[in-house]
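S.K.: here is my input, please return the structure:
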Amino acid sequence: MEDADKVSQLPTDSAPEVGEDAVTSVGSLVLPPAMTEEERQELQEELLKVEDEIQTLSQVLAAKEKQVADIKRKLGITPLNELKQNITKTWQEVTTSIAYRRTSETLTQASQKATAAFSTVGSAITRKLEDVRNTPGFKSFEEKVETMKTKITPSASLTEAADREDSSAPTESFLSQPDPTAEGDAPMH
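M.R.: From the prediction side, this is the model:
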């Protein structure tokens, strides 16, 4: 029954708001019957002291962070360099992991098997094309193509003679043309 009396003595609306100072929220609480005014005062002083220490530590941390930034700047360590180092370190950690090694080994084996399979298929296709080329039908077709080629392509001696005639023709035709200024016509002004 005593516990029920203690619960009924606590205020129901004493929950502090977000951001509300702890000291003000403690001041609005009803004192538990076992706490004296002196104990309450000591606790409030201790609370103020801890909050002050937190404030001081925050200021020290901010100063240390600034000091670190200055040292890094003097050393030439930029955020981009740090990012590169972090990525390199992470990559090294990944590549040394068991999962990565197992995956890499599996992919290597698969690649080797695929290469062997493609090589086998390529060899089979090459053999089949050679077999087709050696058939009588293909040989007959090849002979017909060679015959047509020799009929269409002029011989080398005829081609050379035609080239010589074509190269001298423009010079001769140019030399045989009459001079347009020699006709006696005076140029017009």
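
S.K.: the longest helix along the chain - what's its average pLDDT?
M.R.: Of all segments of type helix in the chain, defined using DSSP state H, the longest is helix 37-75. If you average the pLDDT over helix 37-75, you get 95.

S.K.: stretch 99-118 too?
M.R.: Stretch 99-118 comes out at a mean pLDDT of 91.

S.K.: repeat that for stretch 124-133.
M.R.: Here the average pLDDT along stretch 124-133 is 87.

S.K.: just the C-alpha atoms of stretch 57-76, please, in PDB.
M.R.: The C-alpha trace of stretch 57-76 is given here as PDB (Å, rounded to 0.1, in the frame of the first residue of the first chain):
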ATOM      1  CA  LEU A  57      34.900  18.800 -23.100                       C
ATOM      2  CA  SER A  58      32.900  19.900 -26.200                       C
ATOM      3  CA  GLN A  59      35.000  23.100 -26.500                       C
ATOM      4  CA  VAL A  60      38.200  21.000 -26.000                       C
ATOM      5  CA  LEU A  61      37.100  18.600 -28.700                       C
ATOM      6  CA  ALA A  62      36.300  21.400 -31.100                       C
ATOM      7  CA  ALA A  63      39.800  22.900 -30.500                       C
ATOM      8  CA  LYS A  64      41.500  19.500 -31.000                       C
ATOM      9  CA  GLU A  65      39.500  19.000 -34.300                       C
ATOM     10  CA  LYS A  66      40.700  22.400 -35.500                       C
ATOM     11  CA  GLN A  67      44.300  21.500 -34.500                       C
ATOM     12  CA  VAL A  68      44.100  18.200 -36.500                       C
ATOM     13  CA  ALA A  69      42.700  20.100 -39.500                       C
ATOM     14  CA  ASP A  70      45.600  22.600 -39.300                       C
ATOM     15  CA  ILE A  71      48.200  19.800 -39.000                       C
ATOM     16  CA  LYS A  72      46.700  17.900 -42.000                       C
ATOM     17  CA  ARG A  73      46.700  21.100 -44.000                       C
ATOM     18  CA  LYS A  74      50.400  21.700 -43.200                       C
ATOM     19  CA  LEU A  75      51.200  18.100 -44.200                       C
ATOM     20  CA  GLY A  76      49.300  18.400 -47.500                       C
END
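
S.K.: list the buried residues for the helix or strand following the longest helix of the chain?
M.R.: Next helix or strand after helix 37-75 toward the C-terminus (DSSP states H and E): helix 79-95. By neighbour count on 16 or more other C-beta atoms under 10 Å, the buried set for helix 79-95 is empty. Bear in mind the C-beta positions are built from the backbone N, C-alpha and C, glycine included.

S.K.: that concludes my questions; thank you for your assistance.
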